[in-house]
Each structure stands twice: as structure tokens, then as C-alpha cells.
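Undergrad: pasting the sequence and the predicted model now:
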Amino acid sequence: MLKTLGNRLQKLFTKDRDTEGPSLDTAAVEELQLTFKTRYYSFRQLLTANTKTLESMAEIEKALQGFEPFSFSFVQKACGTVSINVFSMIQHMENIAPGKYSALRESFASIQSRIDTLLRQKKELSDRRLVIPLEAITSDMTDVVGGKMANLGDVKNRLQMRVPGGFVITAAAHELFMNTDGLQKEVDRLFQVAGSDLDRNLDLVSSQIRQLILSADVPEPIYNAVIAAYEKLKQQHGGQEVRLAVRSSAHGEDSENSSFAGQYRSELNVNFAQFFHFFKQILASKYSPQAIAYKINKGFRDEDIAMCVGCLAMVDAVAGGVVYTRNPLDRRDDNIYINSTWGLPKAVVDGDTLCDLFVVARDEALTIVREEIYDKAFQVICYEEDGCIRTETDADTAKLPSLTEGQIRELADAALQIEDYYESPQDIEWAICSDGTIYFLQSRPLQQMEASLPTDELNLDRFAASLLTDIGINASPGTASGRIFKVSKKVDILQFPEGAVLVVEQALPTWAPLVARAAAVISERGGFAGHLANVAREFGVPAIFGVTSAMDMAENGELVTVSADLKRVYLGSIAPLLEWKRPELTPMKGSPIYELLQQASRHIIPLNLIDPESRDFQPQNCTTFHDITRFIHEKSVVEMFNFGKDHHFSERSSKQLHYKVPMNWWILNLDDGFVHEVQGKYVRLEDIASIPMLAFWEGFVAIPWDGPPAMDGGGMTTILFRSTMNTALVTGSQSKYADRNYFMISKNFCTLSSRLGYHFSTMEAMVSERAVENYLGFKFKGGAADYERCLGRLHFIQEILERYGFRASINGDNLDARLEGRRMEYMLERLKILGYLTLHTRQLDMIMGNNAHVKYYMKKLTDDIDQILVGQHTCAV
Amino acid sequence: MEKQTKFKILLVDDEEIFREATARQLRVRGFTVLTADSGETALDLVRTDPPEVVLLDQEMPGMHGSDTFIAIKEIDPLIEVIMLTGNTSVENALELMKLGTFDYLMKPVNIDELLYKVEDAHARKQLNERKQQRDSNSRPDKDSLP
């Protein structure tokens, strides 16, 4: 389209030049306007899709902090929203520059297919056996027998500790059970019907599903396999009937970050005659209301949880309990905690009664450092027939320690071996039978909490004197300390010290390379969804954005403490804050849904294409959706404003601006840039509806130009020399440099190509109420003085622009400045500045060799601009 | 948000509460709103009282949103369709976008976002109409906006 447009314009204006006469017919103007509108429309849509993409990425990153529960449908929705909007950006980009960036589609398809593969993933079972004896089970069989029984298999078979005999009814059996007679499909249907109302209908849905399972028949292959396994167990017990402890061992259960403790059902002392009834009860407990809710909050997909069932020979315990190999409430306490009571350990696990506590040091002698013996008035024991009963303990026995010193040390020693084996703190259930033999029934990872300090205990008031700011948003959590280093220009990047606190006015992607080297980031502006916030979170660097006084609150080199969690910055190093680590309440971390999102996010979030100037900034190098959005955003701006580049307009194709007198400025209306149809060759200011053009013009005429600065001999010599060598530089000559100043406008859009004296500048603006679409671009080139002075003027203008919030860079003898995403009022003020600078930097290159003059003009120009911004200026004629 | 251009919108959704609440919000802002509770009813309205923009639920009993979209485009390719969905399949969404769906909005819908989308969809329709008019005056082979 760009080429077509260029051709059309060339044709129009070539014809005009050739004939020196009128030219653009109505159809051609209409065609031009239509082309502009098409491109303008696509550009706006593209910007909106870009914003939505970044917002969704921010949601994903927030979810990946792991503090809040999210479901599989969140993962689908978040990834889907990103995909749809990135695709939309590609479509609009193709509309703006057809065929130019076709490699984007290939990059998109490749990334999308990797995400699709992840989201469609369904685990295939590695073992199709329906029942497996405990002696054949090890911890690498989690997907076959569930975490609980896999762990116990290791304790029995690898650690060679005493574990009752038994077998496991496997995940394959669960799958067979649920796939028989369409049971799983009906369960899925009930969940689908409940949809987003599941929370409100939890009890009803749970009850319906459990009833379905309880009324289903056990498939014959499972039935036969269980009978065979039980017969083998009987043989191990001398052919006697064996009572069973029947326990859930679901996927995800007893894993590091999700114990599912108490969510599923277990039955003790089961008579085999009733076994299949209890087996179905345990399968159904996967859908208890609390288990469904827990599953959602912990990030499990229903289809990822197979309910395996462990069957162990029942231990008729005289005492039992739980060993914690460390203090669950304080990571720093490494003593062994043994909780014990009379009878079955169930009483301890259920929190049913007071139980004894024995604390054992981790020294060689396993010293018992604390004993707390309670009145254990009740205990749970096996019924003679089947089942268990809660019964009163004999009054004398109740107050006695439930373990001997020898048993305490034996338990502690075994617990340490188990912890060593798993290389993590463990929560171990045990039972002692009447002959004193200790059996281990379960071992699972122990969840430990950081001993946390609540905010009010921190007593923040005592640091009030050091408080620099308490406004802003937490863009990336954490607390850190470092020395302030303000960055406003690209050259500052080179000087950024490792471990400093990066302070910027705007959270631009330009600063991304600094984040990994920074202790923390503070920005006056920027949102949670921005690139820099993404990068800060990716590197785990604390960041506060929206600190309006950031650039002024402290001097470079001053030491500060940044607490993003508190959204506060303090002067100096505040040790209590730096010591304060947040408790790791990250229930989602490590869950299957979390892992899934994390894997998918690797194709979405990382930003590899950072530098648009780099040769690698190519569509085929986009390996994530973030890369694609970054690439398109950068290129779309260039393509959009190329519309007015290098095209020259005749008087006939445009209107001459009449501002008090006819001016040397021409205006081409691309769409709705005029208030009404304008007849004749002139257009007056009051006829113009273009918001950005009017603002620019206000700045342009705000303060009269003093005329050319006084030149030294060198400056004058250069002009004479350059004019002689290049006739194009002589004002009034019929060359391409002598073209007039042209605005191309619509109501919210404006480009300007201007030549004043010996310099050329272009201004590009899109300004409306939709801040996300707002954009200003300014390019400045040329001059009559020598190269050094021209460059001096570019640096002079760059300094002013950066002072007023522009990003400006110089490449060769080109100055390129930008500003985007700010509110309309702000953009219009900046347009006034551009208008002012376009006039008042005229011929300033001539004085660039004289420091005193440079200082004088710097002060004058910035004083003038400040006046314009507060509205105290006179209007030039 | 004050809007000057008001045009006709067809809102298609089987969920009555959502349909009526959204229609009310759009009417308050000056749009003419037709409603339909199924794809079949929507197609009747498109034939008899064509709207400028259609808001179309993806998951409906009977005629599915995707089929309804295709049928609307067959009747009038210039009508812009915004899909509404609770839990979309990305594959399906991308496919429909290639076929010319204006956009996808996830329920619950933010009314301001919906208004922007409706306005933008209308702008695209006007552009495509102008192009069609231009092409009928000159040559017939121009594509409409994606």
C-alpha cells in the first residue's frame, strides 16, 4: 500500500510540476483521503490491540507470582487473549504496509503452535497395570500410583524401613472406572453446565457427581485384579483375612506445594467384604466440595488428577503419631518434632485430642530437648469386626508419656534418614504395634513458613523522617537498597553503576538492559503492563512506578531503600525492611496449572528484540509474542508517518494558510481536518479542525522570532562557502530544498514537513482522547554551518526536548525525538513546544562555537517555553 | 462518553440477562439496538432490518456463533461482526479473524471497551463502503480491510 500511495502521490505531483498548473482532480483527492483513512484506521486498531496484549501479559506475570489462585480456564483465556490481539496487530500491520513484514505470520504460527501443544497436552500413563503390589513401587511412579503411595514405596523398598504390606489400585484403573459407561463425560458435562457459577452450586454439583460414582459398577478387570492382589496379601499373612487401611493417593497429593491434606477420604480397618464400597467412596471423594475448591485454588485441572487408592495391611497400633523433621512454623528451627498419642495416629492427624510433644535435637546423641506430656483422655482404636472407634483412655495411662526414650530416638533417627533421602523436610506418619515394632505409614514434604513480621510490628513510623515518597504502584515486588542513579539520556546507560537504584522519568523499554544491573527501579511514569515492568519482574528486581517526584526526591549517589511491597522509598539503608522477607505464600507455585502457565509464558513474555537499531530487529527473529508486539509497534509508527514523507504538494492540491496575511505554509486535508468545506485557495486558522496542528501553530506563533543570531566570522564564511558549493542551499532556488512547508492533517492527525532557513524538520502527531494512541515524533536535520556546529545544535535541541519529556536520539546529523501514550493535554503542550522550537532554533547552529551564546540561548528558549506552558506569552504576528 | 454518530446494532445472545442489560446500556447511549436470542432469529433480522454492527455470542444452543457469523457475511459482507465469548477456542477465533470477524471480546464485557469496539467496527464498515463505491466506479477487484 505504501508503494501504491507513493506512486499515486508522485504521479499527482509530477504532473503538477510538469504543467505548473492545476492538477489534483476530485477523484484523486478522494483516493488519497481514502488511503489515508484506511491506514489511519488500522494504525489505531493496532495500538489498541498492542495495549490489550501488554495488559494480558501483565496479568500472566501477576498470576506467575503464585500468590493468587487461578484455574485452567484463566490460562486458556489469558494466552488466548494475547494470541488474538497479536494476530490482530499482524493483520493491521499488513494493512498499513502490505507484504513488507510477511515473516511475522510465520513467527506467529510457530509461537502459536508451541503454545497450542502445551495447552492441549494430556499426560499418557506410562504403566497400564490396574493393581501394583507395594513392594514393586518406587517414588518415580507418581503418575501411576499417586504421590502418597509412591513415597511410601521408597520408604519400604529403597530405605528398607518397616511399612505394612499392601498394593495400590492405579491411575489406569481410575481411568478405566471413569471411562466405563460414559461416567467421565457426564462429570465433565456437569462441570460445564455449572460453568462460572460453580462456586455457588458447589454442593449440588459435588453431590450429583459423587452419586454417579457411588452408583457405578466396578469394572470387572479392576475387580479381578484387586481380588488377586488381596489373595497374595493374605498369603503373606499366613492365609488369614487381612483388615485394610484404604487410603487415597491422588495425583498432586502429598507433593511439595500441595498436600491435599484432609481433602480426600481414607478408611481404616476395612473388612475386605466391604472393600469395593469403600473403594468407590474414596474415588468419589475426589469430588467433595472442599476437594473441588482446593483443586481450583491450587491450580489443578480435573482431568490431571487420577485417584489412585492405596491398600495397606492395618496396623493395630498402641501408639501413633506424626514426626516433623523440622519446625513447620519457623524455617530457622531444625529440631525434630514428634507428636504422639495412644492408639491409632488418626487422633493426631485429625487434631482430635491433645497429644504428647517430644522435641529432639539434631545432634549425634539425638538429645531430647523438650517433652510436653498431656492428658490424652481419648484415643482411636480398631474395632474387632471392622472400622475404628473413639474411646476413653484409662485414667492412669492417659497421663503417661506415649513413647519411651528409646522409641523417641528410634523415630527421630528414622525421620532423619527419610529427610536425608528426600533432601527436604518431611511430615511422617507412624504407628507402633503391641510388640513395639514401629511402622511407617506415610511420608510427605513438610511445608515450612518463614517466621514473618507483620507490617504493624515493623513500626514504620520510626522511619518516617527518612521517608522520601510513599506514592506509586508496585510494578515488581521486593525490597532492595542501593545508590540513586538517574537516567534520562541514552549516554547515561554507559555510566550506570552495578547495583544502583535506577531512577527514570518514564518506564521505557530503552532502559530494559539496565534492569538486570539495578538493585531497584523507580519511575515517575509507567504502568504495571509496560515493557519495563515486565522486565523488572522477569529479573525479580523491585520496581515502583508512578513516583511523580522521583527525579527530584534525591541526588545521584544517595543511598536509598526501595520497598516495592510497601510502595515506599526511604533515604539510607533501612535494615529492618531489608531483613524482612515476605512469607512465601505462593500456593500456586509448583502446581500443574502454574507449571503450564509458566511454560506457555516462555513463548509469550520474554522480550528479546530490544534495540530497533540493531540488525537483529527483524520479523523472523521474533521468538515470543512480546517480540512481535515490540517489533510491530516500532515499525507501525514509522510506516504510519511515512505517509507524508518525501512528497511535495502543489498549491493546487492544497490550501495556503491565511494567518493575518497569506503565509508560506500549505495544508493538505486528508480527512476531517477542516471545520467545513473550504472554497478558494486560502484556508484560515478558524477553518482548521486539526487538534495537533492548531497546538503546533499556537507554539509557533507564541513568541516572535528575534531574527538570526549574531554570527562570528567563521559562521559567515561557512555559509558563503556552503552556498557556493551547493546551490540548493540558496533560498529561492528552484530545487527540492526550496519546497514549501506542508501540513497534512485530519482532526486528530498531523504531519509537517518544513524547511526554515537551512534546516529541515518533520513533525508527526496523533492526538485524541485515547491516550494509548497518542504519539508525537519530531525529526530535525541540516543547517548551514559546519558539521560540528550543526551537531552542536542537535545536542542543544535534544537537551531541551529531553527536559520536556521527549525521548531524543542523534544518529549522524539527524535528531529523532518521540513521545507517546500521554494524555491529550500533555501532548498538546508538547506540540506547542515543537512549534516554538521549529521557529526559534532557526540558524542557531551559527552560534554553537560560542559557549556564552549557547548558554544565553538555552536560558532564553527554556524560559520562553515555560512561559508558553503556563500560558503567559504574547502572540507573534 | 458522548457519541454523536448513532447507528443500528444487532445483539445476539441466548443469555437473556446479559442480552437485555447490554442492550439497555447501548440504547442509553443513543444506539438503535435489535436483539436476538439465537442465530436463526439473528439471520432473519439481518435480512429484514440490516444492522451496521452485530455483537454475536459464540456459544449458543442451536446455530453456533461461528456458523451465524459466516451466514451473516454471506448475506452482507459489509456488516461488521464482533464475537462475544466466555471461553473461546483460540484456533477457532484465529480462523474467524482470518475470515473477517472484527474482533473478539471476552465476557463479562466492559461497556467502555464495547463502545470503542462498536465505534471502530462502524468506522471500518464506512471505510469498506467507500471503497466498494470507489471500486464500483472504477475497477471491481479491491479487497476490503482485514
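TA: Sure, I can see it.
Undergrad: residue numbers of chain A in contact with chain B?
TA: A:30-31, A:34, A:37-38, A:41-42, A:44-45, A:48, A:73, A:76-77, A:79-81, A:83-84, A:87-88, A:91-92, A:94-95, A:112, A:116, A:195-196, A:770 (CB under 8 Å from any CB of the partner chain). C-betas here are computed from N, CA, C, even on glycine.
Undergrad: all strands of chain B, in order?
TA: Assigned by DSSP state E, the strands in chain B fall at B:8-12, B:32-36, B:53-57, B:80-85, B:103-106.
Undergrad: chain A: which of those is closest?
TA: With CB to the nearest CB as the measure, strand B:103-106 is the member of those nearest chain A (5.2 Å).
Undergrad: which of the strands of chain B has the lowest average pLDDT?
TA: Lowest mean pLDDT of those: strand B:103-106, a mean of 82.
Undergrad: quick check, pLDDT for residue 122.
TA: You didn't pick a chain, so chain A it is. 67.
Undergrad: oops, I was thinking of chain B
TA: Residue B:122 is given a pLDDT of 93.
Undergrad: quick one: which of the strands of chain B is nearest residue A:219?
TA: With CB to CB as the measure, strand B:80-85 is the member of those nearest residue A:219 (38.0 Å).
Undergrad: toward the C-terminus, what is the element adjacent to the strand or helix carrying residue A:809?
TA: Per DSSP states H and E: residue A:809 is located in strand A:807-811. Toward the C-terminal end, the helix or strand that comes next after strand A:807-811 (DSSP H and E) is strand A:814-820.
Undergrad: what about that following strand, average pLDDT?
TA: 89.
Undergrad: also stretch A:507-517?
TA: In this model, stretch A:507-517 carries a mean pLDDT of 77.
Undergrad: circling back to that earlier point, pull out the buried positions in the strand holding residue A:809.
TA: A:807-810 (16 or more other CB atoms under 10 Å in any protein chain shown).
Undergrad: what of stretch A:386-396?
TA: Under 16+ other CB under 10 Å, the buried positions of stretch A:386-396 are A:386, A:388, A:393.
Undergrad: for the last one, which residues are in contact?
TA: If you count contacts by CB atoms under 8 Å, 6 or more residues apart in numbering or on different chains, residue A:393 has them with A:342-343, A:376-379.
Undergrad: one more time with 7 Å
TA: Residues in contact with residue A:393 (CB atoms under 7 Å, 6 or more residues apart in numbering or on different chains) are A:342, A:376-379.
Undergrad: what does the first one give?
TA: Going by CB under 7 Å, 6+ apart, residue A:386 touches A:243, A:269-271, A:274.
Undergrad: what is the nearest of those to residue A:671?
TA: Closest to residue A:671, out of all of these and judged by CB to CB, is residue A:270, at 80.0 Å.
Undergrad: what bridges to the closest one?
TA: Counting by DSSP bridges, residue A:270 forms beta bridges with residue A:244.
Undergrad: now for it, how many residues are close by?
TA: 21 (other CB atoms under 10 Å in any protein chain shown).
Undergrad: isn't it up against residue A:244?
TA: Yes: with contact defined as CB atoms under 7 Å, residue A:270 and residue A:244 form a contacting pair (4.6 Å).
Undergrad: can you list phi and psi of residue A:481 for me?
TA: Main-chain torsions, residue A:481, degrees, to the nearest 10: phi -130, psi 150.
Undergrad: count the neighbours of it for me.
TA: Neighbour tally, residue A:481, other CB under 10 Å: 21.
Undergrad: residues near residue 42, how many?
TA: Just so you know, I chose chain A. Residue A:42 - counted by other CB under 10 Å - has 26 other residues nearby.
Undergrad: actually chain B
TA: Neighbourhood size, residue B:42 [other CB under 10 Å]: 28.
Undergrad: and stretch A:851-864, what's buried?
TA: For stretch A:851-864, by 16+ other CB under 10 Å, it's A:853-854, A:857, A:861, A:864.
Undergrad: ok, those vs chain B, which is closest?
TA: residue A:864 (36.5 Å).
Undergrad: so who does that closest one touch?
TA: A:703, A:836.
Undergrad: among the buried residues of stretch A:851-864, which are located in helices?
TA: Secondary structure assignment by DSSP state H places A:853-854, A:857, A:861, A:864 of those in helices.
Undergrad: okay, and for chain B, where does confidence drop off?
TA: Within chain B, the stretches falling below the threshold (pLDDT under 70) are B:1-5, B:86-89, B:138-146.
Undergrad: please disregard the earlier target; I meant the stretch 601-750 of chain A.
TA: If you take pLDDT under 70 as the line, the stretch 601-750 of chain A has these spans: A:643-653, A:710-740.
Undergrad: residue ranges for the helices of the stretch 651-800 of chain A, please.
TA: With DSSP state H, counting those that start in this stretch, the ranges of helices along the stretch 651-800 of chain A come out as A:691-702, A:713-725, A:787-803.
Undergrad: chain B: helices as residue ranges?
TA: Using DSSP H, the helices of chain B run over B:16-28, B:39-48, B:65-75, B:90-99, B:111-137.
Undergrad: how many neighbours does residue A:768 have?
TA: 16.
Undergrad: without its sequence neighbours, what residue ends up closest to it?
TA: Excluding the flanking residues, the one nearest residue A:768 by CB to CB, 6 or more residues apart in numbering or on different chains is residue A:748, at 4.3 Å.
Undergrad: most tightly packed of the strands of chain B?
TA: Of those, the one with the most neighbours on average (mean count of other CB atoms under 10 Å in any protein chain shown) is strand B:53-57, at a mean of 26.
Undergrad: does it reach chain A?
TA: No: using CB under 7 Å from any CB of the partner chain, strand B:53-57 stays clear of chain A, with a minimum separation of 13.7 Å.
Undergrad: quick one, that strand and strand B:32-36 angle?
TA: 30 degrees (axes from the mean of the first three to the mean of the last three CA atoms, to 10 degrees).
Undergrad: chain center to strand B:53-57: distance?
TA: The gap between where strand B:53-57 is centred and where its chain is centred comes out at 4 Å by CA atoms, centre = their mean, to the nearest Å.
Undergrad: rewinding a little: in helices only, show me the residues of chain A next to chain B.
TA: Short answer: the residues of chain A next to chain B in helices (DSSP H) are A:30-31, A:34, A:37-38, A:41-42, A:44-45, A:48, A:73, A:76-77, A:79-81, A:83-84, A:87-88, A:91-92, A:94-95, A:112, A:116.
Undergrad: drop anything exposed from those residues.
TA: A:31, A:34, A:37-38, A:41-42, A:44-45, A:48, A:73, A:76-77, A:79-81, A:83-84, A:87-88, A:91-92, A:94-95, A:112.
Undergrad: let's verify residue A:599: helix, strand, or coil?
TA: Three-state call for residue A:599 (DSSP: H, G, I helix; E, B strand; the rest coil): helix.
Undergrad: now the residue nearest to it when sequence neighbours are not counted: which helix or strand?
TA: With CB to CB, 6+ apart as the criterion, residue A:599 has its nearest non-adjacent residue at 5.3 Å, and that residue is residue A:118. Residue A:118 belongs to helix A:103-120 when assigned by DSSP H and E.
Undergrad: what does that helix contact?
TA: By CB under 7 Å, 6+ apart, helix A:103-120 touches A:76, A:79, A:83, A:86-87, A:90, A:93, A:596, A:599-600, A:603, A:619-620, A:622, A:624-625, A:628.
Undergrad: what about stretch B:6-24, near chain A?
TA: No: on the criterion CB under 7 Å from any CB, stretch B:6-24 is out of touch with chain A, staying 10.8 Å away.
Undergrad: that stretch: end-to-end distance?
TA: Start to finish, the residues bounding stretch B:6-24 are 14 Å apart (CA to CA, to the nearest Å).
Undergrad: which outside residues touch it?
TA: Residues outside stretch B:6-24 that contact it (CB under 7 Å, 6+ apart): B:26, B:30-39, B:42, B:45-46, B:51-57, B:60-61, B:68, B:84, B:109, B:118, B:122.
Undergrad: tell me which residues in it are buried?
TA: Neighbour-count burial for stretch B:6-24 flags B:7-15, B:18-19, B:22-23 (criterion: 16+ other CB under 10 Å).
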